[in-house]
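Enquirer: Give me a model of this one.
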Amino acid sequence: MDSNILNIGMIGLDTSHAPLFAEMLNRPAHPFHVQGGTVTVAFPGGSPDFPLSISRVPAYTAQIRDEFGVRMTDRLEEVAEEADAIMLLTVDGRLHLEQLAAVAPYGKPVFVDKPFALASRDALAMARIAEEHGVPLMSCSSVRWAENLAAAASDEGKGKIIGADCSGPMELQPTQPGFYWYGIHMADMLYRCMGPGCVEVKVTTAEDHDVAVGVWSDGRIGTLRGNRKGNKHFGALLHREEGTEFVDIYAASKPYYASMLEAVMRMFQTGAAPLDIRETVEVIAFLEAANESRRTGRAVALKALS
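Expert: Modelled structure (predicted):
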């Protein structure tokens, strides 16, 4: 095997991202093949009290083992021992702190799939664990990496961004409450456009919809609209000083998950995360405040992130 090809380990085969990423990495013929690494070892995992987790494990494990030649292990520490880099894909955000703490001492770069954590205190703890062990760490929604969203956010032809409205599907899952499960996609879109600095969130909720309004420290306002009825497409309105632009996330020729996997591989190869983990921690604090506002009906300040 080429010595420049990284051995990649997967933890958590309970998400559609696991076979998708394995195929894009291990099959050069894939139209969006990502070079530089091969998935070689995996820990299936799965949460018995989370149907969308445990029900997926058998089929995904068999596919990844049989189609892509990945060796399975029942110890996540063994993944960390053998791999050069780790994709922590466990779909249950409740487990991420414990699993990261188990593999961080091995000093390998780690990508944590969404949701990074289900509480700001856990997100902070994970960032500190990574720093303590010198581990490059990255976590985000794949939608953040949509090429046309990135292009629109970077194009200042109509002036600076003064606000953004992001929308998409937001089904609810009891074990990943409120905004954490799918709201994180729109939150990451919002932060890709607005950057960090939100100080307060206020939510209006109904049976089929949730709208979170975030106020940034400079007075800008960004909104997140989650739908449980109607279309299930992600989109964004970017408000600039001289005009407003709609971004259709699906208009880009390259899938957003392919762009994200390329970014993850760059981190694995260079040791430099393309997204500051402090911004990810703030995204979790945003979702935490949105959930509290959803419950109480009041505006909620984001918790201190230090």
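Enquirer: How about residues contacting stretch 71-88?
Expert: Outside stretch 71-88, the residues that touch it by CB atoms under 8 Å, 6 or more residues apart in numbering are 6-12, 21, 37, 39-45, 61, 65, 96, 99-100, 102-103, 106, 108-113, 264, 268. (Each C-beta comes from the backbone N, C-alpha and C, glycine too.)
Enquirer: ok but residue 41 is inside a strand, no?
Expert: Yes - the assignment for residue 41 is a strand, going by DSSP: H, G, I helix; E, B strand; the rest coil.
Enquirer: That one - how many residues pack around it?
Expert: 20 (other CB atoms under 10 Å).
Enquirer: Please name the residues that touch it.
Expert: 7, 9-10, 70-73, 78-79, 82-83.
Enquirer: Quick check: PyMOL command selecting the buried ones in those residues.
Expert: If you want just the buried ones from the contacts of residue 41 in PyMOL, going by 16 or more other CB atoms under 10 Å, the selection is:
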select buried, resi 9+10+70+72+73+78+79+83
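Enquirer: between the contacts of residue 41, which is nearest residue 295?
Expert: Among these, residue 10 lies closest to residue 295 (CB to CB), at 34.7 Å.
Enquirer: Spatially nearest residue to that closest one (excluding sequence neighbours)?
Expert: Leaving aside its chain neighbours, residue 10 sits nearest to residue 42 (4.0 Å; criterion: CB to CB, 6 or more residues apart in numbering).
Enquirer: Do you know the pLDDT at that neighbour?
Expert: Here the pLDDT value assigned to residue 42 is 98.
Enquirer: And the one 4 residues further on, by the same measure?
Expert: Predicted confidence (pLDDT) for residue 46: 96.
Enquirer: Give me the distance from the longest helix belonging to the chain to the chain's centre.
Expert: The longest helix of the chain (DSSP state H) is helix 277-296. Helix 277-296 sits 14 Å away from the centroid of its parent chain (CA atoms, centre = their mean, to the nearest Å).
Enquirer: Buried residues of it, list them for me.
Expert: Buried residues in helix 277-296 (16+ other CB under 10 Å): 277, 279-294.
Enquirer: now do stretch 8-26
Expert: Buried-residue list, stretch 8-26, by 16+ other CB under 10 Å: 8-15, 17-26.
Enquirer: how distant is it from the center of its chain?
Expert: The answer for stretch 8-26 is 14 Å, by CA atoms, centre = their mean.
Enquirer: Same question for stretch 171-186.
Expert: That offset, for stretch 171-186, works out to 12 Å (CA atoms, centre = their mean).
Enquirer: Now do the end-to-end distance for that stretch.
Expert: 13 Å (CA to CA, to the nearest Å).
Enquirer: neighbouring contacts of it?
Expert: With contacts defined as CB under 8 Å, 6+ apart, stretch 171-186 is touched by 47, 49-50, 52, 92-94, 114-115, 118, 141, 143, 166-170, 187, 210, 212, 224-226, 228, 234, 283, 287, 290-291, 294-295.
Enquirer: So for that stretch, what gets flagged as buried?
Expert: Applying 16+ other CB under 10 Å to stretch 171-186 flags 173, 175-176, 178-186 as buried.
Enquirer: which residue packs closest to residue 19, ignoring adjacent ones?
Expert: residue 63 (5.0 Å).
Enquirer: Secondary structure element holding the one you found?
Expert: helix 57-68 (DSSP states H and E).
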